[in-house]
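*Asks:* from the sequence below, what's the structure:
(chains A and B)
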Amino acid sequence: MNQTRPVVLLACLVACWPAFSAEEETLDHRIPPGYEPVQEKDELGLWMEMREYEQALKQSALLVRDEDLNGYLQEILCRVAAAYCKDFRVYLIRNPNFNASMTATGMMQVWTGLIVRANSTDEIAAVIGHEISHYTLLHSLATLRALKKKLATGTFVDIALILATGYGTGLGQTMAALSVMSFSRDQETEADLLGMRLLAEAAYDPHASYGIWEKIIAEEEAAEVKREDPGAFGKTHPDAKLRAAYLKELVTARYGPPDAEAVADQRLLSVLNNHYMLLMEDQLDTNRYGRTKELLERHAALGVEPSLVRYFYGEMFRQRGKDGDRDLAKSAYLHSIEGGRAPAKSYSNLGYLYLKEGDIENARTYFAEYLEIDPDASDREMIEFYLED
Amino acid sequence: MIYRISMLIALAAVASGCVSTSYTLVAPGATALEGMQVNATSGWNQAPPMHTPSMRKGAALWTHDGPLLDQLIIIPGVADGEPLMNSRDKSAALPLFKKDMLPNEIEELTESTFVKYFGEGNAAVTTKNLRPQRFGEYRGVMFDVDATVSDNPDYRGTAGAFVANDKLYMMFFLGAVPHYYDKHSAAATSVIQSATLTGGSNVPVSN
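*Replies:* A predicted model of the protein is given here:
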């Protein structure tokens, strides 16, 4: 780990703290509820494009249409958005990564990876509050205008450089792109600050605004394969550690320290328990075992149905296949089965593990139980092949 | 993501005029690829290597109506510890073949590879109907694939695989549903089921 990074972050936080505090106090919605553009051509064009995009999104097969999941998000959205509730449509997208986004028209996308990573409904509300802030602060329009202006200036600089030196360097366009990214980072900070306030006004825990970032940081640290870092100037979002730090300072200063006792979030638990297979199978397919293990540890602590969590521990250890993982996988499957709510695949995958070890008797036992539990299993022919072999 | 980057590189290469854009005809009959042989009942078109940068050395992509609509990918001889495809992204976390993999694990390896091929987060891939299949003298498996891909048609497919001499030989077909899967599925399945181990390197056996 880079040892200078915490020092740089702390220095930045100390230097920026008064500015964040003052900005947060004066920051407010820039449009009223029910807003629609009427005059500005670029804004009208942006809305037209985004409405077309929304129509296309409605047809996407990656859209999760489950009423329970969508109802949960809609409930959070309306509570945080308050008077702006009717301005938004939320779409849940089947994507195991962490993200949410908002368009100029109020179309919000939330990825299933957010639900998997949140420790509480408040943390999901924090992300939704952040996205609502992007909308009411007119960030998409501001980005469009900044992009047009900066790229025009960059092109002018490039042409001037070609005329002066005879070489096309692309320097102007590069500077324009970096400037747009810096602009984007400023917008993210604005949305963090207003989002934090919306969260508190909706009677959600404002400490969740940095809590979700602390989860992302912990997951990145647990990752066996790190994501490529685009570097300080190449990011469209502020560093997660910086975000967590300034939000923690602001929230604690304004609302006091967090509650000492954490209360189990029954609503989130119910959502996770009812949709755990869909949510975690996609996570497993990413082949990112360190991250998956971190999420499973969190879910176990949250109180997600133990049979389900243990089944995915079994899947994760078995697929990772490091020294000792086979025993860990077997133990996890057996615990899942003991819990009484194990997915049928716990039995077949346990059978395969015994088969690999040459323990034919146990392999047969679990294969046979698998077919008893799931007689219509799509891999019945394969399992019967082993039972007869 | 691998799929998208491949298409972009291919487009850039074509636009620059520095590579051949031509597909080569795969005539009906037997074709050998890096130690394995398949038998096609109809003609296919093999994509040039510059169009398929995510393919391993020795692997081939065949198509009838273009890779966006149907593709039959043949991957010969994946050694222990190697991925089924290439990626320039060092953080891609590609799943690796292990020589002691059982049928369920080969199915999972394929599913996760498909997720990476289409772009992590851009595709939801499920596999089903895992079943035994004999490839010449080797025991192997077949299974079916469904892939929902962002900004692409939905795909259905069939995969076949066997392990010989500690190496994985994998063939899979993906066709856009419903039309292109239905149109080419029988021909593709026939090629997959014909796979056997042999010598030679990517030349028609009949020549």
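
*Asks:* give the contact list for the residue lying closest to A:Arg298 once chain neighbours are set aside.
*Replies:* Excluding its sequence neighbours, the residue lying closest to A:Arg298 (C-beta to C-beta, 6 or more residues apart in numbering or on different chains) is A:Asn119, at 6.5 Å. Where you see a C-beta, it was placed from the backbone N, CA and C, and this is true even at glycine. Residues in contact with A:Asn119 (C-beta atoms under 8 Å, 6 or more residues apart in numbering or on different chains) are A:211-212, A:215, A:265, A:298, A:302.

*Asks:* okay, how far is it across stretch A:33-47, tip to tip?
*Replies:* 16 Å (C-alpha to C-alpha, to the nearest Å).

*Asks:* what about residue 68, how many residues nearby?
*Replies:* I'll assume chain A. A:Asp68 has 10 neighbours, counted by other C-beta atoms under 10 Å in any protein chain shown.

*Asks:* hmm, I had chain B in mind actually
*Replies:* For B:Leu68, the neighbour count with other C-beta under 10 Å is 14.

*Asks:* spell out which parts of the stretch 101-250 of chain A neighbour chain B.
*Replies:* By the rule C-beta under 8 Å from any C-beta of the partner chain, the part of the stretch 101-250 of chain A lying against chain B is A:111, A:113, A:224-228.

*Asks:* what sits against the residue most central in space within chain B?
*Replies:* Residue closest to the mean C-alpha point of chain B, counted by C-alpha atoms, centre = their mean, is B:Ile73 at 2.2 Å. B:Ile73 makes contact with B:55, B:59-62, B:170-174, according to C-beta under 8 Å, 6+ apart.

*Asks:* over to B:Ala124?
*Replies:* With contact set as C-beta under 8 Å, 6+ apart, B:Ala124 has these partners: A:61-62, A:94, A:282, B:147-148.

*Asks:* and the pLDDT at it?
*Replies:* According to the prediction, B:Ala124 has pLDDT 92.

*Asks:* hang on, it in a strand?
*Replies:* Yes - assigned with DSSP: H, G, I helix; E, B strand; the rest coil, B:Ala124 falls within a strand.

*Asks:* poorly predicted segments of the stretch 151-300 of chain A, please.
*Replies:* Scanning the stretch 151-300 of chain A with the threshold set as pLDDT under 70 gives A:229-236.

*Asks:* which parts of it are helices?
*Replies:* Shown for the stretch 151-300 of chain A, the helices assigned by DSSP state H, counting those that start in this stretch span residues A:171-201, A:208-222, A:240-255, A:266-284, A:289-302.

*Asks:* what residue lies at the spatial centre of chain A?
*Replies:* Taking C-alpha atoms, centre = their mean, the centroid of chain A lies closest to A:Phe98, which sits 1.8 Å from it.

*Asks:* ok, that residue - contacts?
*Replies:* A:Phe98 is in contact with A:111, A:113-114, A:117, A:216, counting by C-beta under 8 Å, 6+ apart.

*Asks:* highest neighbour count among the contacts of A:Asn119?
*Replies:* Result: A:Ile212 is most packed of the contacts of A:Asn119 (other C-beta under 10 Å), 25 neighbours.

*Asks:* hmm, it is touching A:Ala126, no?
*Replies:* Yes - counting by C-beta atoms under 8 Å, A:Ala126 is a contact partner of A:Ile212 at 5.4 Å.

*Asks:* got any residues that touch both of these two?
*Replies:* Counting by C-beta under 8 Å, 6+ apart, nothing touches both A:Ile212 and A:Ala126.

*Asks:* follow-up on the earlier one: reformat the residues of the stretch 101-250 of chain A next to chain B as TSV; add neighbour count.
*Replies:* TSV is the format used below for these (neighbours: other C-beta atoms under 10 Å in any protein chain shown):
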residue	neighbour count
A:Trp111	24
A:Gly113	22
A:Glu224	14
A:Val225	16
A:Lys226	12
A:Arg227	13
A:Glu228	10
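
*Asks:* from those residues, pick the one nearest A:Thr174.
*Replies:* A:Glu228 (19.1 Å; C-beta to C-beta).

*Asks:* which residue is the nearest non-sequential neighbour of the closest one?
*Replies:* A:Glu228 sits nearest to B:Ser91 (C-beta to C-beta, 6+ apart), 4.8 Å away.

*Asks:* what residues are up against that neighbour?
*Replies:* A:225-228.

*Asks:* of the residues you listed, closest to A:Tyr311?
*Replies:* Distances from A:Tyr311 to the contacts of B:Ser91, taken as C-beta to C-beta, are shortest for A:Val225 (23.5 Å).

*Asks:* tell me the secondary structure at the closest residue to the closest one other than its chain neighbours.
*Replies:* Nearest residue to A:Val225, sequence neighbours excluded (C-beta to C-beta, 6+ apart): B:Ala93, at 4.3 Å. For B:Ala93, the assignment made with three-state DSSP gives coil.

*Asks:* perfect, that will be all.
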